[in-house]
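1. Compute the structure for the input listed below.
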Amino acid sequence: MTGCASWKIPSTQGDPTKANNYGYHPLDPLPVKIEYISDNVISNQRVLKSLPDETIRLAVGQVNNQGGITFSTASIGYEGSSYVVILDYVKFNTVSFPVKLEKESNNKDIKASLTTDDNPDVIVPVYIGVGLRLTANITVKKGSVNLGNLFSIGAEASSEKISGTLVVQTLGISGENISSIIPMPGELNPTTIQNAIMALGTIKSKIYDDKTVITPRVVGVYNNLGGGTETINGFISSILQKPKSLIVE
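-> Residues are numbered from 1 along each chain as shown. Down below sits the predicted model:
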């Protein structure tokens with residue numbers, strides 16, 4: 001059986017929105033179906049135990065004219081271009097996203113569909129968990145900028161080489177004790193970046209508190225299909241139509 005969600009993976013090269021773009025892609029949090037296999041008392045410790053892995057990732061993406069984002073290993077930003085720099089801390093589990101591939105009639109595109117077959121063509125890793133995210137959306141106004149260092153980005157903003165915004169976000173972590181900690185940065189500079197990182201460290205220390213509300217979400221995906229923006233949008237649509245499950249013992 002094949003799921004109702006399907007999308008095209010274009011093979012066209014040269015267009016940033018259609019170019020092959022492999023690797024980790026952070027996603028805005030998507031819903032997850034939690035399945036408890038026992039009647040034990042539900043607690044943060046019980047849910048977090050089902051998320052055995054932890055990681056900190058820095059992802060750098062270039063924004064194209066259509067608003068799509070292409071993530072790559074590049075760490076230098078150039079004048080006239082826009083970028084998004086995302087620092088993620090995630091406590092997660094990895095689940096399978098089985099995909100069936102079929103050639104389209106034009107022989108230029110591939111149709112990808114979420115499937116329940118025992119022998120899918122591709123298994124895509126999907127990351128379910130909770131975490132913290134710091135996002136800098138920037139446009140380079142002069143020269144070039146090191147995108148791999150958040151403090152360097154803040155310094156460049158102070159010298160007006162770049163303009164941009166800073167977003168602080170929790171991923172599946174909420175509660176009264178959390179909301180009061182989240183900073184409200186007014187501009188992008190070294191001070192707001194430092195304050196944001198300190199706030200995220202404080203929130204991280206409260207994950208196991210009883211007052212903290214833990215709600216696992218889909219927070220990222222590893223694109224091993226290529227196809228750029230269309231593929232990522234296909235992942236998102238499929239997950240929204242058929243939320244992934246997290247097993248909690």
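2. Nearest residue to I76 in space, ignoring adjacent ones along the chain?
-> S144 (5.5 Å; CB to CB, 6 or more residues apart in numbering). From N, CA and C alone the C-beta is placed, and that goes for glycine too.
3. what secondary structure does V167 sit in?
-> strand (DSSP: H, G, I helix; E, B strand; the rest coil).
4. Chain neighbours aside, what residue packs nearest to it?
-> Spatial nearest neighbour of V167, excluding adjacent residues (CB to CB, 6+ apart): T135 at 4.2 Å.
5. Figure out the helix or strand that that neighbour lives in.
-> strand 122-140 (DSSP states H and E).
6. Give the next helix or strand downstream of that strand.
-> With DSSP H and E, the next secondary element past strand 122-140 is strand 144-146.
7. Now do the helix or strand following that next one and strand 122-140, the angle between them.
-> For strand 144-146, the following helix or strand on the C-terminal side (DSSP H and E) is helix 150-158. Following axes from the mean of the first three to the mean of the last three CA atoms, to 10 degrees, one obtains 30 degrees for the angle between helix 150-158 and strand 122-140.
8. list the helices and strands helix 150-158 packs on?
-> Applying 3 or more CB pairs under 8 Å, 6 or more residues apart in numbering; DSSP states H and E, one finds that helix 150-158 contacts strand 82-103, strand 122-140, strand 144-146, strand 162-171, helix 190-204.
9. that older thread, please name the residues that touch the residue nearest to I76.
-> 76-79 (CB atoms under 8 Å, 6 or more residues apart in numbering).
10. Contact partners for S174?
-> Counting by CB under 8 Å, 6+ apart, S174 has contacts 212-213, 215.
11. Apply 6 Å and report the result again.
-> S174 is in contact with V213, counting by CB atoms under 6 Å, 6 or more residues apart in numbering.
12. Could you report the pLDDT at it?
-> Looking at S174, its pLDDT is 95.
13. three-state assignment of the residue most central in space within the chain?
-> Closest to where the C-alpha atoms of the chain average out (CA atoms, centre = their mean) is P26, at 1.3 Å. What three-state DSSP gives for P26 is strand.
14. how about the strand or helix carrying V218: buried residues?
-> Using DSSP H and E, the element containing V218 is strand 217-223. By neighbour count with 16 or more other CB atoms under 10 Å, strand 217-223 contains the buried residues 217-223.
15. same thing with stretch 142-157?
-> 145, 147, 150, 153-157.
16. what's in contact with the strand holding V218?
-> 22, 24-27, 29-30, 32, 90, 125-129, 131, 171-172, 231, 235, 239.
17. Quick one, which of these are buried?
-> 24-27, 29-30, 32, 90, 126-129, 131, 171-172, 231, 235, 239.
18. residues in contact with the residue nearest to V90 when sequence neighbours are not counted?
-> Distances taken as CB to CB, 6+ apart place G131 nearest to V90, at 3.6 Å, with adjacent residues excluded. Each residue near G131 by CB under 6 Å, 6+ apart is listed here: 89-90, 171, 219.
19. related to what we said a few turns ago, could you dump the helices and strands packed on helix 150-158 into CSV and include mean pLDDT and distance to K49?
-> Converted to CSV, the helices and strands packed on helix 150-158 look like this (pLDDT from 0 to 100; distance: least, CB to CB, whole Å):
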stretch, mean pLDDT, distance to K49
strand 82-103, 92, 10
strand 122-140, 94, 12
strand 144-146, 91, 39
strand 162-171, 91, 18
helix 190-204, 91, 17
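20. Highest mean neighbour count out of those?
-> Ranked by mean neighbour count under mean count of other CB atoms under 10 Å, the helices and strands packed on helix 150-158 are led by strand 122-140, which reaches a mean of 21.
21. re the thing from before, give me the buried stretch members for the helix or strand just after the strand holding V218, please.
-> Where DSSP H and E defines the elements, the next helix or strand beyond strand 217-223 is helix 229-241. Buried residues in helix 229-241, counting neighbours by 16+ other CB under 10 Å, are found at 229-232, 234-236, 238-239.
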